[in-house]
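Q: below are the sequence and a predicted model for it; my questions follow.
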2 protein chains.
Amino acid sequence: MATDPERLLRTDAARNVERILRSARKVFTESGPDAQLDEIAQHAGVGSRTLYRRFPNKAVLAKAALEQGIAEYIAPAIEQALLDDDPLRALTSVIDAAMGLAAQEHNTLAAARRAGAVISDAIGPYYTSLTLLARRAQQAGRIRADLVPEDLPRIMAMLFSLLWTMDPASEGWRRYLSLILDGMSPAAATPLPEPVPLRPSSQPRNWPI
Amino acid sequence: MATDPERLLRTDAARNVERILRSARKVFTESGPDAQLDEIAQHAGVGSRTLYRRFPNKAVLAKAALEQGIAEYIAPAIEQALLDDDPLRALTSVIDAAMGLAAQEHNTLAAARRAGAVISDAIGPYYTSLTLLARRAQQAGRIRADLVPEDLPRIMAMLFSLLWTMDPASEGWRRYLSLILDGMSPAAATPLPEPVPLRPSSQPRNWPI
DNA sequence: ATGCAAGTGGCAGTCAACCGCCTCTTTGTT
DNA sequence: AACAAAGAGGCGGTTGACTGCCACTTGCAT
């Protein structure tokens, strides 16, 4: 998950990684996004040196913790959505699930954001399924034809950013999801400007590289 | 700008504040969002202790630096827009100006973001004019009637967040502005969910208060 | 069961943000 | 010109993220 040679971890090490991520989510949620990494390590029952061995910095840790949450919440939501016979409802139900998780884990999200991580590409593993859902909605004529897959993580990024302008639990983001869905409707007339490429790997990104 | 009793600063102190902000913008732009505050102080020709006296932390500094840029770029754009006889073009021209500044100063923006500041309320002083422009467009039937003033900073926040998903200079955000404008069109049918209040003062916001 | 690679975690150290203290300089007023 | 208040900034200190070193433990292949 953080070691360079994508090698399998020993079972005890894998268990530690799991516990660290779960502790990170819990501690961020309870103590806020400025929670110290030592506290997380302690909560996980490992030495802080072990935490740092697996996760080189706070950005990677917070993002990985978020990915754990995503795996638990979004993956099942996608499973369900793929079975839905209303393709627009299928797509929005996944967005709903993602926003629900984001609101619930907003402190973890905030920690990742403050550490400089770009969240939108945490959807990574589900990009393909998400694209499929969008294409289905397109083919059914429920969303405009000129949308491309790269639009999805960006729309998610826009929705996420709303959480800092409101009480995250308020579901006030639904208003803007509605606005954006109106913009995504096939009835929307204005032809869209050309899409530009996503930032390749928008991870810890220190300077000048 | 940071002192509690909103008192006037001595002229030399005001000059220093000015220089610090200008240096912050320059140094962030040239050395990236992780630039050290000592470097900024040095560039401004003041001691680091002076910088910290005026700006209690990096978030406040970066946000104030951004506000300096806003004052220089957005204020004139609003002046012009208020004279425009096409109210939709007037509104979008201001958004254009804001995004142009944001793209140009994306490192300062990133510094503020990483330090935990919420950028959308940096529009503060221009909220009234922006609201006026929006209301004009509404009365001319160019944008839907159910939009409220609080929607504007949030739409700006959404657009800003796009910058981290692309090369900030690419103007790729125009695609999503277009999408959102389609959603803002009076032709858009879906009634919007109720708006929720903006976060009161979304500034340094340490935990648990 | 055993040997070794893989993993752990304590310790001490670096580096940057940020603060209190305290002396010296500058401004604006009379 | 003279003075009180405001401001500057050096120094040393604290805190939290993160690292190298290294002796100790543990999973697992044989």
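A: Looks like it arrived, so ask away. This one's a predicted model, so the numbers in the text were calculated from it and none came from an experiment.
Q: quick one: list the elements packing against the longest helix that chain A contains.
A: Ranked by residue count and defined by DSSP state H, the top helix of chain A is helix A:58-83. Other elements packing on helix A:58-83 under the criterion 3 or more CB pairs under 8 Å, 6 or more residues apart in numbering or on different chains; DSSP states H and E are helix A:11-31, helix A:37-44, helix A:87-104, helix A:106-114, helix A:127-139. All C-beta spots, glycine's among them, are computed from the backbone N, C-alpha and C.
Q: deepest of those, which one?
A: The highest mean neighbour count among the helices and strands packed on helix A:58-83, using mean count of other CB atoms under 10 Å in any protein chain shown, belongs to helix A:106-114: a mean of 24.
Q: quick revisit: the helices and strands packed on helix A:58-83: which one's closest to residue B:78?
A: Residue B:78 lies closest to helix A:106-114 among the helices and strands packed on helix A:58-83, at 29.2 Å (CB to CB).
Q: right, is the closest one up against chain B?
A: Yes: Helix A:106-114 reaches chain B (CB under 8 Å from any CB of the partner chain) through A:110, A:113, A:114.
Q: out of these, which is nearest to DNA strand C?
A: Set against DNA strand C, the nearest of the residues of helix A:106-114 next to chain B by CB to the nearest atom of the strand is residue A:114 (11.2 Å).
Q: just to revisit the earlier point, I'd like the helices and strands packed on helix A:58-83 as a markdown table, with mean pLDDT appended.
A: What follows is these, written out as a markdown table (pLDDT from 0 to 100):
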| stretch | mean pLDDT |
| --- | --- |
| helix A:11-31 | 97 |
| helix A:37-44 | 97 |
| helix A:87-104 | 96 |
| helix A:106-114 | 95 |
| helix A:127-139 | 94 |
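Q: average pLDDT across stretch A:177-188?
A: When pLDDT is averaged along stretch A:177-188, the result is 91.
Q: any buried residues in that stretch, and which?
A: Under the neighbour-count criterion of 16 or more other CB atoms under 10 Å in any protein chain shown, stretch A:177-188 has A:177, A:178, A:179, A:180, A:181, A:182, A:183, A:184, A:185, A:188 buried.
Q: ok, and the closest non-adjacent residue to the last one?
A: Of all residues beyond its chain neighbours, the one nearest residue A:188 is residue B:182 (3.7 Å), with distances taken as CB to CB, 6 or more residues apart in numbering or on different chains.
Q: and residue A:158, how many neighbours?
A: Residue A:158: 26 surrounding residues under other CB atoms under 10 Å in any protein chain shown.
Q: most distant residue from the centre of chain A?
A: residue A:189 (30.2 Å; CA atoms, centre = their mean).
Q: does that residue really touch residue B:183, like I thought?
A: No: taking contacts as CB atoms under 8 Å, residue A:189 lies outside contact range of residue B:183: 11.9 Å.
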